[in-house]
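# Structure here, sequence nowhere to be found:
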């Protein structure tokens, strides 16, 4: 799922010179990789009217009203990100920046930065009643300035980045940056169409991407592409190969690159490694204009312990539980959000809406949902606290997820909420009003594990694992599923997909093509991690570009050609997606032939009765004259054969069509004798009903 962060940092009291951001000190070391970043020299300077940093807390009225504070305290302020954080506004006739932060245990808070020499005495904030919110308006302050909050609690002082900052420095620097968007989206047509969609009844083929390693520029110290550089390349590549959506691994700011973005330190700030927040808006806008949807991973399950970020924010366990039995993840060395605290629930729900509204994302894939649902997740006896009824279910997290999904669907119609949930928790993708958690889709982790188990087995022994192929159809209709071959399956010494396959090189590629042919015909939407579409040999690493040079070889080029055709056929034939979560859309033809490693099934479009027949031979033997049952008379056009020479296969079983005979077989009235390619999958388009 993600990598564990380095040894967690703890809050310590530092001297003023130590508290400064690294980029504000002379001679500060920059990143070895020349990632695009916003340097101080390119930012507008926040010169105060007379050059001083003076500001009385009582000069201006608060920029938050009583209603804002009430709603926030209730956990119901769905635009709290417009009030907390740093916002360039005109207030009482003066242009400047309004700062607001929630820190109820603090004794004193100041805004500090280059503008006042990081001196906590110069710009103190004021507390707003009993809300725990502190605020300050600084006239003359402009976007582009670095800042943090100097928080004093119980005699200790520490500097914290803004939890609601809309921009951060490029790591390892940790200051927040005042940012005001000037971007104008041009994707109204896309958003209008999206609001009317019913995704579970439409084709959904997702290309999962880690932006920093999709493609790098070797001539420039192997730096990753920026948001604007990758936009046309990724949009064209995704569209050309038939994917409907891109799904980005988390692009919120995070201090530890090898966490791949799953250890978030700034929940409202796109990672500055690749450009500004408006550059990120450009990327999403461009993908939309090319007809590609955008999903991003979102991490409400935990956050890192880095001293500059959310952990022990005001000197107390504010965003997290104090008790480690509820407040810390043993696997990842991170804190767990306190889902029972209204202001924390508000932070998370408003954050999800922020990305959907402000950046026009089409959906969020919610990471590590299982770790949220269970109080004993990855814990031994005595290491967790039961709920009020003595159970292991995290009632506060369940309530949060339901409220989250209701809010996103109400406020942002047509957007998708996708759960990475790895257990048998019921009704994850059912509506809240029907007793579910309210997600649109759930990753089918069981299908993924069973399918890989089967395909990694030598064909000589696949018969003993035949149920791994068929078991998933016993629960396929219980949820709206996505079939994922994600980044999780090609890291941590698991090997790339093609390298998981048994046999020599040609057999590995034949197995991989057969796997994809089966996956795209199986009920459920599709997700494939980058590199898998052309059969990359090595495991993925976030530090290197994909091995694009492999596309110069026929076998890898053939895999990409297959993916392109699979996506094209998938979108064309409604039988393959119209009834993914309905048993009326699927019927077995040949299910028990474990001895020969053969299965066959029908995909059916209930709206018009059109069908696609899928026949799979997972043995390395050519099977001539294999009889297969067919639903009706007529000519069945072969629309796909993964062993086609077009895909660098052997060409076995390639025909234009087959003719159904009046010979009952497999419980059907008609049948045909066909040649099954070795380690191959064939699709046939059934004739229409008369």
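Happy to help now that I have it. Note that the structure is predicted; figures quoted are calculated from it, not measured.
# Residue 606: what's it in contact with?
578-579, 582, 584-585 (C-beta atoms under 8 Å, 6 or more residues apart in numbering). Yep, even glycine has a C-beta here, placed from its N, CA and C like the rest.
# do the same with residue 685
Counted by C-beta under 8 Å, 6+ apart, residue 685 has contacts 573, 610-613, 636-637, 639.
# what pLDDT does it get?
Looking at residue 685, its pLDDT reads 98.
# again, but for residue 59
Per-residue confidence (pLDDT) for residue 59: 82.
# Assign a three-state SS to it, would you?
Look at residue 59: counting by DSSP: H, G, I helix; E, B strand; the rest coil, its state is coil.
# any idea how far residue 280 is from it?
35 Å (C-beta to C-beta, to the nearest Å).
# Looking at the two, which one has more neighbours?
Neighbour comparison, residue 59 and residue 280: the larger count goes to residue 280, with 25 against 13 (by other C-beta atoms under 10 Å).
# Which strand or helix spans that one?
According to DSSP states H and E, residue 280 maps onto helix 277-289.
# Okay, buried residues for that helix please.
The neighbour-count check on helix 277-289 (16 or more other C-beta atoms under 10 Å) flags 277-288 as buried.
# Same question for stretch 333-344.
Going by neighbour count (16+ other C-beta under 10 Å), the buried part of stretch 333-344 is 333-341, 343-344.
# what is the rounded mean pLDDT of that stretch?
97.
# OK, contacts around the nearest residue to residue 610 once chain neighbours are set aside?
Spatially, and ignoring its direct neighbours in sequence, residue 610 is nearest to residue 575 (5.3 Å; C-beta to C-beta, 6 or more residues apart in numbering). By C-beta under 8 Å, 6+ apart, the contact set of residue 575 is 585, 603-605, 610-612.
# Among the residues you listed, name the ones in helices.
Counted as lying in helices by DSSP state H, out of the contacts of residue 575, is not a single one.
# What pLDDT is listed against residue 41?
33.
# on contacts alone, who are the packing partners of the longest helix seen in the chain?
The longest helix of the chain (DSSP H) is helix 554-572. Here helix 554-572 touches strand 205-209, helix 505-521, strand 635-641, going by 3 or more C-beta pairs under 8 Å, 6 or more residues apart in numbering; DSSP states H and E.
# Between these, which one is closest to residue 535.
Among these, the nearest to residue 535 by C-beta to C-beta is helix 505-521 (5.7 Å).
# Are there helices or strands packed against the helix or strand just after that closest one, and which ones?
Where DSSP H and E defines the elements, the next helix or strand beyond helix 505-521 is strand 525-529. Strand 525-529 makes packing contacts with strand 205-209, strand 481-485 when contacts are defined by 3+ C-beta pairs under 8 Å, 6+ apart.
# how far off strand 525-529 does the first one point, in degrees?
What that stands for is strand 205-209. Using axes from the mean of the first three to the mean of the last three C-alpha atoms, to 10 degrees, the direction of strand 205-209 lies 20 degrees away from that of strand 525-529.
# Pull up the pairing partners for strand 205-209, direction included.
Paired neighbours of strand 205-209 in the sheet (DSSP bridges): strand 245-248 (parallel), strand 525-529 (parallel).
# One more: the last one?
When pairing is defined by DSSP bridges, strand 481-485 lines up against strand 441-443 (parallel), strand 525-529 (parallel).
# Of those strands, which is nearest residue 116?
For these, proximity to residue 116 was assessed by C-beta to C-beta; strand 525-529 is nearest, at 46.3 Å.
# who's in contact with the closest one?
By C-beta under 8 Å, 6+ apart, strand 525-529 touches 203-208, 247, 441, 443, 481-487, 489-490, 519-520, 540, 563, 570, 577, 580.
# Let's verify residue 408: helix, strand, or coil?
Residue 408 - assigned by three-state DSSP - is helix.
# How far away from the center of its chain is whichever strand or helix holds residue 71?
Here residue 71 sits within helix 66-74, counting by DSSP H and E. Centroid displacement of helix 66-74 relative to its chain, using C-alpha atoms, centre = their mean, to the nearest Å, is 31 Å.
# Please identify the buried residues of it?
68-69, 71-73.
# Then stretch 146-159?
Quick answer for stretch 146-159 (16+ other C-beta under 10 Å): 146-153, 157-159.
# Could you list the low-confidence segments of the chain?
1-58, 690 (pLDDT under 70).
# Show me the residue at the heart of it, geometrically.
residue 297 (2.1 Å; C-alpha atoms, centre = their mean).
# So what sits opposite it in the bridge?
residue 365.
# Make sure it is actually in contact with residue 254.
No: the criterion here is C-beta atoms under 8 Å, and residue 297 misses it with residue 254 at 11.4 Å.
# Now list whatever residues contact both of these two.
261-262.
# Which stretches in the stretch 401-550 of the chain count as helices?
Assigned by DSSP state H, counting those that start in this stretch, the helices in the stretch 401-550 of the chain fall at 445-456, 467-470, 497-500, 505-521.
# Same question for the stretch 251-400 of the chain.
Secondary structure of the stretch 251-400 of the chain (DSSP H, counting those that start in this stretch): helices located at 277-289, 324-327, 342-358, 369-373, 395-411.
# Take these and lay them out in JSON lines including distance to residue 598.
What follows is these, written out as JSON lines (distance: least, C-beta to C-beta, whole Å):
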{"stretch": "helix 277-289", "distance to residue 598": "40"}
{"stretch": "helix 324-327", "distance to residue 598": "51"}
{"stretch": "helix 342-358", "distance to residue 598": "45"}
{"stretch": "helix 369-373", "distance to residue 598": "35"}
{"stretch": "helix 395-411", "distance to residue 598": "41"}
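# Looking at the ones you listed, spot the one closest to residue 102.
helix 342-358 (5.8 Å).
# Pull out the buried residues from that closest one.
Judged by neighbour count using 16+ other C-beta under 10 Å, the buried positions of helix 342-358 are 343-358.
# now for it, which elements pack on it?
helix 66-74, strand 266-270, strand 293-298, strand 363-366, helix 395-411.
# Next, count neighbours for residue 426.
11.
# For it, which residues are in contact?
Contacts of residue 426 (C-beta under 8 Å, 6+ apart): 436, 478.
# Wait, residue 596 touches residue 619, no?
Yes: using C-beta under 8 Å, residue 596 is in contact with residue 619, at 6.2 Å.
# want to try JSON lines for the helices and strands packed on helix 342-358, with distance to residue 424 as columns?
As requested, those are arranged in JSON lines below (distance: least, C-beta to C-beta, whole Å):
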{"stretch": "helix 66-74", "distance to residue 424": "34"}
{"stretch": "strand 266-270", "distance to residue 424": "30"}
{"stretch": "strand 293-298", "distance to residue 424": "23"}
{"stretch": "strand 363-366", "distance to residue 424": "18"}
{"stretch": "helix 395-411", "distance to residue 424": "15"}
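# right, and these - which one's nearest residue 226?
Going by C-beta to C-beta, the one of the helices and strands packed on helix 342-358 nearest residue 226 is strand 266-270, 11.6 Å.
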